[in-house]
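# structure for this input, please:
(one chain, ligands or ions: 3)
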Amino acid sequence: MNVKKFLFGLLAVVGLQAQAALVTINFDSYVAGTVFAAGTDFGGVKFNENIQIWDSNQIPGTSGPNAIINNDNFGGDLSGTFTTLVSSFSVFAGDNCCDLDSVTLSVYDSAMNLLGTDSFTNQAVGQKLQVIAAGIKYFKLTQSGLVDYDDFTFDTGRGNTVPEPASLALVGLALCGVGYVRRRKA
Ligand SMILES: [Ca+2]
Ligand SMILES: [Ca+2]
Ligand SMILES: [Ca+2]
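Ligands and ions are numbered 1, 2, ... in the order given. Purely as a prediction, here's the structure:
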């Protein structure tokens with residue numbers, strides 16, 4: 001292998017890793033039927049409504065069977081807050097059955113300025129909604145039809161170019177590997 005090409009490629013990958021810090025909350029480790037109070041921190045995202053862990057019979061395309069549903073206004077709108085600013089947000093919405101579901105995702109900055117929206121209408125399949133924008137603090141999901149939500153995915157990285165310790169360890173390992181290859185060639 002061309003060692004220089006390999007190293008440049010590796011550094012490019014490490015750079016991307018340092019910039020993106022994607023977190024996905026998939027709810028699959030919770031017991032279906034459990035109700036969580038509004039404001040519970042699920043690892044970077046809090047909801048304004050009480051939510052119930054909902055066995056969705058798995059919306060096609062999602063992580064696993066558990067989704068969440070608004071427990072106050074059953075299957076209704078959902079809104080929440082990120083504990084740190086995020087630079088992208090996606091969520092899977094809808095279900096795999098029957099009724100016609102329409103969902104709009106709106107995201108806002110700390111001053112409640114609208115940063116972007118995404119929406120869909122579909123009867124039998126859920127769909128991923130996504131907005132990419134700097135400084136996302138709040139979101140709202142407005143819907144018609146009973147709607148489940150799953151796979152809340154957000155990027156807590158903000159273009160930070162300082163490599164993370166894990167990335168540095170990766171570079172160290174790669175350099176060891178390069179040294180090994182060189183010794184074998186010699
Ligand atoms: Ca899930
Ligand atoms: Ca439906
Ligand atoms: Ca539905």
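# how about residues contacting stretch 67-75?
With contacts defined as C-beta atoms under 8 Å, 6 or more residues apart in numbering, stretch 67-75 is touched by 27, 35, 47, 49-54, 56, 59, 76-78, 92, 143, 145-150. For every residue, glycine as well, the C-beta is placed using N, CA and C.
# mind checking which of those are buried?
Buried by 16 or more other C-beta atoms under 10 Å: 27, 47, 49, 51-54, 56, 59, 76-78, 92, 143, 145-150, out of those.
# run through the residues of the chain sitting next to ligand 2.
Within the chain, the residues that sit near ligand 2 (C-beta under 5 Å from the ion) are 95, 99, 101.
# OK, contacts around the most centrally placed residue in the chain?
Geometric centre of the chain, nearest residue: T153, 0.5 Å, by C-alpha atoms, centre = their mean. Neighbouring residues of T153 by C-beta under 8 Å, 6+ apart: 22-25, 88-91.
# in those residues, which residue is surrounded by the most others?
When neighbours are counted by other C-beta atoms under 10 Å, V91 leads the contacts of T153 with 25 neighbours.
# so which of the contacts of stretch 67-75 sit within helices?
Judged by DSSP state H, the subset of these located in helices is empty.
# near ligand 1, which of those residues show up?
By C-beta under 5 Å from the ion, the members of these lying near ligand 1 are 27, 150.
# picking up where we left off before, ligand 3 next: which of the buried ones among the contacts of stretch 67-75 are close?
Filtering those for proximity to ligand 3 by C-beta under 5 Å from the ion leaves 145-146.
# pretty sure D55 contacts G64?
No - assessed by C-beta atoms under 8 Å, D55 is found out of contact with G64, at 10.0 Å.
# tell me the strands beside the helix or strand hosting F89, with direction?
Using DSSP states H and E, F89 sits within strand 78-94. Next to strand 78-94 in the sheet, as set by DSSP bridges, lie strand 45-47 (antiparallel), strand 127-144 (antiparallel), strand 148-155 (antiparallel).
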